[in-house]
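K.L.:
From the sequence below, what's the structure:
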Amino acid sequence: MRGFVVREADMPIETWNDPVRGEVRFRTLLGGGAGRSRGLVHGIAYLAPGKIEGAHHHPATGETIHVLAGSGAARLDEATYPLAAGDTVFVPAGTIHEWSAGAEGMKFLYSFAADSFDAVDYVFEAGDPPA
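P.N.:
Numbers count the residues shown, from 1 in each chain. Next up, the predicted model:
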């Protein structure tokens, strides 16, 4: 495999907007589409002010996020932590977590040790998202 460059603005925006997954927009930079890689999924998520990504866990995959802009909170199991630009969060596999944006919204980089975004299992606390 050769190295390559992926530009955020060139990647398609995907949107989740339902009561289970919450309201989040995201772009998968590595591990999908033009950003083929092995062993790493990397993307940017955008939460509008006051919006959440619903509580969920990944049974077999840990996750990290790094807050790029804005602020919000991370719920990790029963604890909630405030987040600001520059903060990094590690979420072990199986840990229930939820992201929520503050008054100015929140933009964060997410990463998984997986070959593609589709290979990352999402199990939502509220059940399956609507079809």
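
K.L.:
how much space between the most centrally placed residue in the chain and Tyr46?
P.N.:
With distances taken as CA atoms, centre = their mean, the residue of the chain nearest its centroid is Tyr110 (4.9 Å). From Tyr110 across to Tyr46, the span is 11 Å (CB to CB, to the nearest Å). C-beta: built from backbone N, CA, C; applies to glycine.

K.L.:
hey, what's in contact with both of those two?
P.N.:
Phe26 (CB atoms under 8 Å, 6 or more residues apart in numbering).

K.L.:
that older thread, mind checking the SS state of the residue nearest to the centre of the chain?
P.N.:
Of the three states, Tyr110 takes strand under DSSP: H, G, I helix; E, B strand; the rest coil.

K.L.:
Okay, strands next: where are they in this structure?
P.N.:
Under the criterion DSSP state E, the chain contains strands at 14-18, 22-30, 41-47, 52-57, 63-76, 79-84, 88-91, 97-112, 123-124.

K.L.:
Output those in TSV, with distance to Glu8 and mean pLDDT appended to each entry.
P.N.:
Output for those, formatted as TSV (distance: least, CB to CB, whole Å; pLDDT from 0 to 100):
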stretch	distance to Glu8	mean pLDDT
strand 14-18	13	96
strand 22-30	6	95
strand 41-47	6	96
strand 52-57	19	96
strand 63-76	10	98
strand 79-84	20	98
strand 88-91	19	98
strand 97-112	10	97
strand 123-124	26	95
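
K.L.:
Select, out of those strands, the one closest to Val5.
P.N.:
strand 22-30 (10.2 Å; CB to CB).

K.L.:
can you list contacts of the closest one?
P.N.:
Applying CB under 8 Å, 6+ apart, the external contacts of strand 22-30 come out as 6, 8, 11-17, 35-37, 40-48, 51-54, 98-99, 110, 117.
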